[in-house]
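Novice: pasting a predicted model and its sequence here:
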Amino acid sequence: MVKKTITVDIEEDGAGEKYVFAKNISTALGAVLYDPALRFTAVGPLHTNTFRRDKDAEPLVCNFPLRELLETHSYVDAVALELDGEMPDSKRRAEVADKLIQPITDLDEPTFSLLKNIADSDKKNENPSLVTSELLMVLARGYDKQFIRIRTASPDTLITKISEMQASNKEICFEVSAFMPLLLAIVYRVQNGTLESFSLPDKSKLNGSYAANLAYMMFGDPNKDAKSYEGSIEEAVFDTLLTITIDGGQNAAITAAEVAASTDDRGNNPCAVQSVAVITRSGNLHGGACKAAYEELLKIQEKINSEGLNTQKAVSEYINERLEGKNVIYGFGTRKTNASGQADARSTMLKESIKGYLKKVEGDGNLHYSNDHISDTQRLLANTKQLLEIAEELEQQVKNLEKFKGRLFANYDLYSGILLGLSGIDPTLTSNFMYTGRAPSVMQHVKQYVEEAEGILSARMLST
């Protein structure tokens, strides 16, 4: 065994969390990293300008405050920010919006019919994420574009040629991301029995915001267009859920996608790589936790309604049962919040969004339901309020538990299902919204990995 002392740069984000890039350690050592615990997932000086936090622990996306992105911008702006690295002007915004529509309208009828048939044949599958992953593999069969590895380009490759390679890779990111809302609409229509009437959308009908286009594909009347869903609660909720998940930094799903991409000298099929990310995110310890958290809130709600308990007592009994059984309390804790002792600001933003949208629907009337898929809006609003009350009580009681010393905080999962439910959509699809919103980030990470890294990224080492 050879021992060696090395010096590496320690990075620090705005909230004071320190980290080291594994590639820097490998470079300083002059050897590959053997990592049985898979603690090192960043393999190079990549993504340094994506998901970070400022000094107040507020999330930043490409150094742009996520809160401001939610309040004054849209998901199209978030995609442009993620893939271009800067906030778009009006011209670029229009270009990005078109890029997120064109691949859907360019899809041929046989492929669209195949997607519908496979989704319909798998309708008994209780995990919609698995269906989406399968549909992405269907798209992979006919998607013949692949990322271009730039690091392996010959030394005499012109800078202009490299720029063309990067531009080609970016277009792939847009195209694969653009397929995701169509797949989400297909999965939704399988659940509610309207898949048969779903036709491939005409571009003239997709004339609204990104979120309004999604609403149109999910439950739109063929005689309407996406524009008719603008100003609806569905559009507002969809845009919030998609935007807030645009980038969560390096995580298991992105690492899995990078592993898949690294096994091919041209980055593997991009649709297949996205499929890997979706299936990785579907588990209840990762992206699937939002579905699990919502189901636990329903259990507490049932206890309140059936046994006549008040919210405080029902939540207390639930927590005691989970702790005694040594079970996970879904909706709490992330790697970053656990390490830093600071709350997940996205949880607060989601909670604020629910309250704000309730006020706009019930009070000033700035938002309305499209009424295409909801039979009883008053019952829906009452249910949302009760679940919000339960979630807030759960958050407070968990925060006060001596066992966790005030360091276990609510995360995205606790409130995301409640927000989606407010739109009248089955909250079990929250994970689908998460990876639809996160798709550009996955592709951007994969693009950067393929362009800048070398070798196969495996669970234990970076092979060179």
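Specialist: Nice, I can see it. Residues are numbered from 1 along each chain as shown.

Novice: ok, and the closest non-adjacent residue to residue 257?
Specialist: Distances taken as C-beta to C-beta, 6 or more residues apart in numbering put residue 277 closest to residue 257, at 4.1 Å, once the chain neighbours are dropped. Using the backbone N, CA and C atoms, a C-beta is placed for each residue, glycine as well.

Novice: now for the one you found, how many residues are close by?
Specialist: 29 (other C-beta atoms under 10 Å).

Novice: which parts of this structure belong to which domain?
Specialist: Per automatic domain parsing, the domain ranges recorded for the chain read 11-72, 89-285, 289-429.

Novice: just to revisit the earlier point, which residues does the residue nearest to residue 257 contact?
Specialist: By C-beta atoms under 8 Å, 6 or more residues apart in numbering, the residues touching residue 277 are 253, 254, 256, 257, 435, 438, 439, 442.

Novice: follow-up on the earlier one: how about TSV for the domains of the chain, with distance to residue 448 and mean pLDDT added?
Specialist: TSV is the format used below for the domains of the chain (distance: least, C-beta to C-beta, whole Å; pLDDT from 0 to 100):
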stretch	distance to residue 448	mean pLDDT
domain 11-72	5	61
domain 89-285	9	88
domain 289-429	21	88
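
Novice: out of those domains, which comes closest to residue 447?
Specialist: For those, the distance to residue 447 is smallest for domain 89-285, at 4.8 Å, taking C-beta to C-beta.

Novice: any idea how far that closest one is from the chain center?
Specialist: Computed by C-alpha atoms, centre = their mean, to the nearest Å, the separation of domain 89-285 from the middle of its chain amounts to 12 Å.

Novice: before we move on, what about stretch 435-446?
Specialist: Distance, centroid of stretch 435-446 to centroid of chain: 8 Å (C-alpha atoms, centre = their mean).

Novice: quick check: buried residues in that stretch?
Specialist: Neighbour-count burial for stretch 435-446 flags 435, 436, 437, 438, 439, 440, 441, 442, 443, 444, 445, 446 (criterion: 16 or more other C-beta atoms under 10 Å).

Novice: looking at those, spot the one nearest residue 100.
Specialist: For the buried residues of stretch 435-446, the closest approach to residue 100 (C-beta to C-beta) belongs to residue 440, at 9.1 Å.

Novice: quick check: the residue nearest to residue 257 vs residue 354, distance?
Specialist: Residue 277 is 27 Å from residue 354, where distance means C-beta to C-beta, to the nearest Å.

Novice: make CSV from the domains of the chain and add distance to residue 80 to it.
Specialist: Supplementary listing: the domains of the chain in CSV, determined by distance: least, C-beta to C-beta, whole Å:
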stretch, distance to residue 80
domain 11-72, 10
domain 89-285, 5
domain 289-429, 20
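
Novice: quick one: closest of those to residue 79.
Specialist: Residue 79 sits nearest to domain 89-285 of all the domains of the chain, at 6.0 Å, using C-beta to C-beta.

Novice: could you list the buried residues of the helix or strand that contains residue 111?
Specialist: Here residue 111, judged by DSSP states H and E, is contained in helix 109-121. Within helix 109-121, the residues scored as buried using 16+ other C-beta under 10 Å are 112, 114, 115, 116, 119.

Novice: thought residue 183 was touching the third one, still the case?
Specialist: Yes: counting by C-beta atoms under 8 Å, residue 115 does reach residue 183; the two are 7.4 Å apart.

Novice: what touches both of the two?
Specialist: Shared contacts of residue 115 and residue 183, defined by C-beta under 8 Å, 6+ apart, comprise residue 135.

Novice: can you tell me the closest non-neighbouring residue to residue 222?
Specialist: Residue 222 sits nearest to residue 199 (C-beta to C-beta, 6+ apart), 6.8 Å away.

Novice: just give me the neighbour total for the one you found.
Specialist: A count of neighbours around residue 199, defined by other C-beta under 10 Å, yields 10.

Novice: on the three-state scheme, it is what?
Specialist: At residue 199 the chain is in coil, as set by DSSP: H, G, I helix; E, B strand; the rest coil.

Novice: same question for the helix or strand encompassing residue 83, mean pLDDT?
Specialist: Using DSSP H and E, residue 83 sits in helix 75-84. For helix 75-84, mean pLDDT rounds to 95.

Novice: please renumber the chain so that the first residue is 37 from this point on.
Specialist: Okay, residue one is now 37; in that scheme the one you just asked about reads as helix 111-120.

Novice: which strands and helices lie in contact with it?
Specialist: Contacts defined by 3 or more C-beta pairs under 8 Å, 6 or more residues apart in numbering; DSSP states H and E place helix 111-120 against strand 95-97, helix 102-108, helix 126-135, helix 195-228, helix 246-255, helix 269-280, helix 466-488.

Novice: which of the ones you listed sits closest to residue 454?
Specialist: Closest approach to residue 454 among the helices and strands packed on helix 111-120 is made by helix 466-488 (9.3 Å; C-beta to C-beta).

Novice: could you list every helix and strand in contact with that closest one?
Specialist: By 3+ C-beta pairs under 8 Å, 6+ apart, helix 466-488 packs against helix 111-120, helix 164-178, helix 195-228, helix 269-280, helix 288-298, helix 306-317, helix 325-343, helix 448-458.

Novice: turn the ones you listed into JSON lines, including distance to residue 436.
Specialist: As requested, these are exported to JSON lines (distance: least, C-beta to C-beta, whole Å):
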{"stretch": "helix 111-120", "distance to residue 436": "35"}
{"stretch": "helix 164-178", "distance to residue 436": "34"}
{"stretch": "helix 195-228", "distance to residue 436": "38"}
{"stretch": "helix 269-280", "distance to residue 436": "26"}
{"stretch": "helix 288-298", "distance to residue 436": "30"}
{"stretch": "helix 306-317", "distance to residue 436": "31"}
{"stretch": "helix 325-343", "distance to residue 436": "17"}
{"stretch": "helix 448-458", "distance to residue 436": "16"}
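
Novice: any idea how far residue 268 is from residue 110?
Specialist: Counting by C-beta to C-beta - residue 268 and residue 110 are separated by 14 Å.

Novice: ugh, typo on my part, it should be residue 429
Specialist: Applying C-beta to C-beta, the value for residue 429 to residue 110 is 33 Å.

Novice: next one: residue 342
Specialist: From residue 342 to residue 110 the distance is 42 Å (C-beta to C-beta).

Novice: quick one: which of those two has more around it?
Specialist: More crowded of residue 342 and residue 110, by other C-beta under 10 Å: residue 110, with 19 against 8.

Novice: the more buried one touches residue 249, doesn't it?
Specialist: No: shown here, residue 110 and residue 249 do not form a contact pair, counting by C-beta under 8 Å, at 11.6 Å.

Novice: ends of stretch 169-186, how far apart?
Specialist: In stretch 169-186, first residue to last residue: 28 Å (C-alpha to C-alpha, to the nearest Å).

Novice: contacting residues around it?
Specialist: With C-beta under 8 Å, 6+ apart as the criterion, stretch 169-186 contacts 147, 150-151, 154-155, 158, 198, 201-202, 204-205, 208, 211-212, 215, 219, 222-223, 297, 300-308, 310-312, 314-315, 318, 482-483, 486-488.

Novice: appreciated, that's everything.
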